[in-house]
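Asks: Below: sequence and its predicted model.
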Amino acid sequence: MNRRKFLGLGLGVAAVSGLVPSALMAENFRKSKPDLWKAKTPNEAIKDLFGTDKMEMSGVSVKAPEIAENGAVVPVTIKEVPAGAKTVAIFQDADPESATAVFTIHPRSVANGISVRIRMKKTGKVIVVADVDGKLFAGETQVKVTKGGCGGWCQHNCCWSKS
């Protein structure tokens with residue numbers, strides 16, 4: 001009897017998995033937008049990614065610590081973005097490379113709750129930008145970093161790109 005239940009459950013899972021897309025597609029922004037990763041300021045990076053840096057500072061909320069004890073692992077959570085966001089990106093102004101992460105959002109998914117850890121060399125702003133049908137919405141927060149992104153051991157900036 002247990003074996004029949006197990007086989008029935010296995011066939012049910014196999015049938016449901018057939019409904020899930022077999023190939024998920026993701027855009028490699030490092031290849032498709034190489035200038036994005038060389039941008040020195042958030043506005044420059046936003047323009048490289050979205051084609052414009054004109055954005056409305058509303059509709060997006062971001063959560064990050066007010067004080068980060070270690071800039072090597074600053075937790076950032078995208079709390080809220082407008083419905084219909086197709087691309088959501090995280091930028092910061094504390095490092096030589098402003099772009100931090102870019103997410104392509106599936107139409108039946110939501111970006112609320114995405115959490116990452118970013119590296120910040122010094123105190124600065126974290127900016128989250130969401131593209132909703134060509135209109136940009138943004139939110140930002142200030143993070144005070146007490147110890148640099150190398151954990152304090154790097155005296156020569158050798159772990160940061162020099163360009």
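Replies: It's in. Predicted, not measured: the structure shown is a model, and the values here were computed from it.
Asks: Would you mind giving both backbone torsions of the spatially most central residue of the chain?
Replies: In the chain, the residue lying closest to the centroid (Cα atoms, centre = their mean) is residue 101, at 3.7 Å. Per-residue torsions, residue 101: phi -150, psi 150 (degrees, to the nearest 10).
Asks: which secondary structure element contains the nearest residue to it once chain neighbours are set aside?
Replies: Counting by Cβ to Cβ, 6 or more residues apart in numbering, residue 101 lies nearest to residue 90, which is 4.6 Å off, once chain neighbours are set aside. Any C-beta I mention is one placed from the backbone N, CA and C, and that applies to glycine too. Taking DSSP states H and E as the criterion, residue 90 maps to strand 87-92.
Asks: Just the CA trace of that strand, in PDB.
Replies: The C-alpha coordinates for strand 87-92 follow below in PDB (Å, rounded to 0.1, in the frame of the first residue of the first chain):
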ATOM      1  CA  THR A  87      13.800  45.000 -14.500                       C
ATOM      2  CA  VAL A  88      15.000  45.900 -11.000                       C
ATOM      3  CA  ALA A  89      18.500  47.000 -10.300                       C
ATOM      4  CA  ILE A  90      20.600  47.900  -7.300                       C
ATOM      5  CA  PHE A  91      23.200  50.600  -7.400                       C
ATOM      6  CA  GLN A  92      25.500  52.300  -4.800                       C
END
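Asks: strand partners of it, parallel vs antiparallel please.
Replies: strand 99-104 (antiparallel), strand 124-132 (antiparallel) (DSSP bridges).
Asks: dump the residue contacts of residue 114.
Replies: Residue 114 sits next to 77, 78, 88, 103 when contact means Cβ atoms under 8 Å, 6 or more residues apart in numbering.
Asks: could you list every residue that touches residue 34?
Replies: Neighbours of residue 34 in contact, by Cβ under 8 Å, 6+ apart: none.
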